[in-house]
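>>> Any chance you could fold what I've pasted below:
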Amino acid sequence: MTTPWAQSLRELHNDHFGFDWDSHVRRLNERLGLTGRDEFGLPAPGLPPAWFVGDVEGLRPGEWVLVISLNQARREEDEGWHRAQHYTRQSYWDHWRFLNRDWWTPRFYRPLVRLASHAIGVPTGPTNESEFTSTRMIFVELCPYASRQFTFTGPALSTLADDDLGFQLAARVRRVLIEQASPAFILVNGRPALDDFERLERDRVSLEERRYASVRRPEHTLWHKEGRYEGAGCLVPVVGFPFLRKPSNHNWYAEIDQLASMARRLLRPDQRS
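Residues are numbered from 1 along each chain as shown. Next up, the predicted model:
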């Protein structure tokens, strides 16, 4: 049986699959003066943005984690591959559902899997990381367009969120997932995404910063923000942090586990397995 959130997302996907995204993004780049590495792009010419990554049809409320980042990296080799697939509505939908089973990228995903799995108490290891990433995690972006670098943040991003179709649809996807599919956590990945998420969701999100000594390096201070997303009858814990596995942040897995333990305390008692 199709869940209400999957049905809502599928309708959004189907309704905008044939939209002229190429012209839309070209006009947007011209209006914003974005060129070169800052220029917004799509997975390939003729394709819509990637609204999510992960199996939205298989989610079980309270047993999965939503990861919010700023935007996807744009790479020419990916565009060529996507162009060659000749997607239909169905195959494009399934591509983003199962991407993390078929294209596992440990450098990006492994630290986030470690954090998410420890936070919800579901052990993972080398044999099931990609499955966990596909079935227990959904990844979305605040900006639906890919770029090679991203410097377009702050109040200007808030303006886009109000008047650009792609940003409006990305917000709809995000809110359907949070308010209907009921994640155990929202993880906001990276300081830029955290700043913009707080700005874009200021009516729904309230966060406070926590600072503490690293369990691995007692002389080193770590930080994250935590709080709640409240909207449409839902109350979901939020944890935002600077990029993981960076020397000045949560660089060691012991430090990521430390962050996971703090996040876990935000769960309701019945969610702690």
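>>> For the helix-or-strand element of the chain with minimal mean pLDDT, what is the distance to the chain centroid?
Within the chain, confidence by mean pLDDT, DSSP states H and E is lowest for helix 155-163 among all helices and strands, at a mean of 88. Relative to its chain's centre, helix 155-163 lies at 19 Å (C-alpha atoms, centre = their mean, to the nearest Å).
>>> same thing with stretch 194-211?
Taking C-alpha atoms, centre = their mean, one finds stretch 194-211 lying 15 Å from the centre of the chain it belongs to.
>>> Could you report the separation of the nearest residue to Trp252 once chain neighbours are set aside from Arg136?
In space, and not counting its chain neighbours, Trp252 is closest to Arg216: 4.4 Å by C-beta to C-beta, 6 or more residues apart in numbering. Backbone N, C-alpha and C define where each C-beta goes, glycine included. According to C-beta to C-beta, to the nearest Å, Arg216 stands 26 Å off from Arg136.
>>> Could you list the low-pLDDT ranges of the stretch 151-273 of the chain?
Along the stretch 151-273 of the chain, the model assigns pLDDT under 70 to residues 268-273.
>>> how about a cut-off of 90?
Along the stretch 151-273 of the chain, the model assigns pLDDT under 90 to residues 151-159, 231-233, 267-273.
>>> residue boundaries of the strands in it?
Using DSSP state E, counting those that start in this stretch, the strands assigned to the stretch 151-273 of the chain run over residues 185-189, 205-213, 221-231, 234-241.
>>> packing partners for the shortest one?
For strand 185-189, the helices and strands in contact under the criterion 3 or more C-beta pairs under 8 Å, 6 or more residues apart in numbering; DSSP states H and E are strand 65-69, helix 106-120, strand 234-241.
>>> Just the CA trace of that strand, in CSV.
The C-alpha coordinates for strand 185-189 follow below in CSV (Å, rounded to 0.1, in the frame of the first residue of the first chain):
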residue,chain,number,x,y,z
PHE,A,185,15.7,12.9,13.8
ILE,A,186,16.5,15.7,11.4
LEU,A,187,20.3,16.0,10.9
VAL,A,188,21.5,19.2,9.3
ASN,A,189,24.9,18.6,7.7
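>>> by how many degrees do it and strand 205-213 diverge?
Between the axes of strand 185-189 and strand 205-213, defined by axes from the mean of the first three to the mean of the last three C-alpha atoms, to 10 degrees, the angle is 70 degrees.
>>> How far off centre is strand 185-189?
Chain-centre distance of strand 185-189: 8 Å, with C-alpha atoms, centre = their mean.
>>> Can you add mean neighbour count and give the strands of the stretch 151-273 of the chain back as TSV?
TSV is the format used below for those (neighbours: other C-beta atoms under 10 Å):
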stretch	mean neighbour count
strand 185-189	25
strand 205-213	13
strand 221-231	18
strand 234-241	21
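>>> Include distance to Arg101 when you put the ones you listed into TSV, please.
Shown next, in TSV, are those (distance: least, C-beta to C-beta, whole Å):
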stretch	distance to Arg101
strand 185-189	20
strand 205-213	31
strand 221-231	28
strand 234-241	25
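>>> Contact partners for the residue nearest to Trp252?
By C-beta atoms under 8 Å, 6 or more residues apart in numbering, Arg216 lies in contact with Trp252, Ala254, Glu255, Gln258.
>>> for those, which one is nearest Phe150?
Lowest distance from Phe150 to the contacts of Arg216 (C-beta to C-beta) belongs to Glu255, with 25.6 Å.
>>> Run a quick neighbour tally on the closest one.
By the criterion of other C-beta atoms under 10 Å, Glu255 has 19 neighbours.
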